[in-house]
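Engineer: coordinates only, sequence not included:
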């Protein structure tokens, strides 16, 4: 028996007005300082006030949120006593809000203790969670996954259970228009990686497959447009939808090696998440290779890539993804991110250990050995196509 879990999804321009239709006594808004500065929090508070809901704001979430930030936020949440939690921001904010929700509304739970088999928390009995993304990549508004950073151990933790799925996802493209081109590129590559890995993981399934394929098509068609012109509302809306669709797809089938390696690189060198996983995606396709050749061909067909007779689709798809990344000025190797060779070499064992501690390595279609993981990372550093 399997479960396919999604929130209620409200999408399209002016989707944020759904807040004005909710019932509740008080809201706790989780966000970051930049989102406040952009005036987005005021828009949310305005809609909540229409529903007669007062609000408190916690704006201290940082990129790659730490356990310490979660503890501080949940403490403030307890003081406020909300029956509605509204997360407004990128994936870091949405993940932090989920973790705070657990510590606030759960039965004595610590965020780092949640696992896919955790049940019976009854979080909605105390508060509902509404997630509003301001980027178009993580799909965190439609997933139960939570990625937190353990600063002491220099590693990212992937936690969560199906009970940490938000109640409502509000996907309003107006919030994405303020993303600069670089962030548009990074988050778009994140959505692409979710969908490609979700379609080809060892836990792939009939329900997730259609979502993942649609998200891939949307990213290839609309990411270059959103990157080129941030005010292109059609492109913004399509990319917002793509991120959410990819989120619903991959969280019900899981990811693979690109995410395990990306989480590891991000924890050690603070490489932005979307950039890290997007960078590793072509190498992951090459490494998995023939194990998923039929599926690489399905993806290639869906985005109208030509695969000559007698040629394999995997390498052609990998090169198409590199071409997309190149067109939006994303790095194709770890070296291109600016990480010095000596720093990388000194951290290789930590990078491998982190990757093996990541659950996403369990669901990759070809599970690497320790030696293969180190070799994979070295190839990715130099920008060499995987040939092993």
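Structural biologist: The structure has been received and is ready for your questions. Note that the structure is a prediction, hence the values are computed from the model and not measured. Residues are numbered from 1 along each chain as shown.

Engineer: what sits up against the lowest-mean-pLDDT helix or strand in the chain?
Structural biologist: One helix or strand of the chain scores below all others by mean pLDDT, DSSP states H and E: strand 155-159, with a mean of 82. The contact list for strand 155-159 (C-beta atoms under 8 Å, 6 or more residues apart in numbering) reads 64, 99, 111-115, 145-150, 263-264, 266-267, 354, 357-360. From N, CA and C alone the C-beta is placed, and that goes for glycine too.

Engineer: how about it: buried residues?
Structural biologist: Of the residues in strand 155-159, 155, 156, 157, 158, 159 count as buried by neighbour count, 16 or more other C-beta atoms under 10 Å.

Engineer: name every strand pairing with that strand and say which way it goes.
Structural biologist: Looking at strand 155-159 with DSSP bridges, its partner strands are strand 146-150 (antiparallel).

Engineer: quick one: buried residues of the strand it pairs with?
Structural biologist: Buried residues in strand 146-150 (16+ other C-beta under 10 Å): 146, 147, 148, 149.

Engineer: also stretch 161-171?
Structural biologist: 161, 163, 164, 165, 166, 167, 168, 169, 170, 171.

Engineer: where is pLDDT lowest across these?
Structural biologist: Lowest pLDDT among the buried residues of stretch 161-171: residue 161, with 88.

Engineer: low-confidence ranges in the stretch 251-388 of the chain?
Structural biologist: Residue ranges of the stretch 251-388 of the chain with pLDDT under 70: none are present.

Engineer: that one: helices as residue ranges?
Structural biologist: For the stretch 251-388 of the chain, the helices defined by DSSP state H, counting those that start in this stretch cover 257-269, 273-288, 293-302, 313-327, 341-357, 370-382.

Engineer: in JSON lines, list these along with mean neighbour count and distance to residue 243.
Structural biologist: Output for the helices of the stretch 251-388 of the chain, formatted as JSON lines (neighbours: other C-beta atoms under 10 Å; distance: least, C-beta to C-beta, whole Å):
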{"stretch": "helix 257-269", "mean neighbour count": "27", "distance to residue 243": "15"}
{"stretch": "helix 273-288", "mean neighbour count": "27", "distance to residue 243": "10"}
{"stretch": "helix 293-302", "mean neighbour count": "17", "distance to residue 243": "18"}
{"stretch": "helix 313-327", "mean neighbour count": "19", "distance to residue 243": "16"}
{"stretch": "helix 341-357", "mean neighbour count": "16", "distance to residue 243": "24"}
{"stretch": "helix 370-382", "mean neighbour count": "17", "distance to residue 243": "24"}
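
Engineer: and of those helices, who's closest to residue 191?
Structural biologist: Closest to residue 191 of these is helix 273-288 (C-beta to C-beta; 8.0 Å).

Engineer: what helices or strands is the closest one leaning on?
Structural biologist: helix 181-200, helix 257-269, helix 313-327, helix 370-382 (3 or more C-beta pairs under 8 Å, 6 or more residues apart in numbering; DSSP states H and E).

Engineer: mind checking how far it is from the chain centre?
Structural biologist: Between the centre of helix 273-288 and the centre of its chain there are 14 Å (C-alpha atoms, centre = their mean, to the nearest Å).

Engineer: between helix 341-357 and that helix, find me the angle.
Structural biologist: Here the directions of helix 273-288 and helix 341-357 differ by 70 degrees (axes from the mean of the first three to the mean of the last three C-alpha atoms, to 10 degrees).

Engineer: any stretches of the stretch 1-150 of the chain with poor pLDDT?
Structural biologist: Judged by pLDDT under 70, no stretch of the stretch 1-150 of the chain qualifies at all.

Engineer: what ranges do the strands span in it?
Structural biologist: Ranges of strands in the stretch 1-150 of the chain, per DSSP state E, counting those that start in this stretch, are 8-11, 26-30, 54-58, 84-89, 128-133, 146-150.

Engineer: redo those as CSV? Include distance to residue 305.
Structural biologist: Converted to CSV, the strands of the stretch 1-150 of the chain look like this (distance: least, C-beta to C-beta, whole Å):
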stretch, distance to residue 305
strand 8-11, 28
strand 26-30, 40
strand 54-58, 45
strand 84-89, 35
strand 128-133, 29
strand 146-150, 31
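
Engineer: could you point out which of these sits nearest residue 200?
Structural biologist: strand 146-150 (20.7 Å).

Engineer: residues in contact with that closest one: which ones?
Structural biologist: With C-beta under 8 Å, 6+ apart as the test, strand 146-150 has contacts from 64-67, 70, 91, 95-96, 98-99, 111-112, 114, 155-160, 164, 263, 267, 273.
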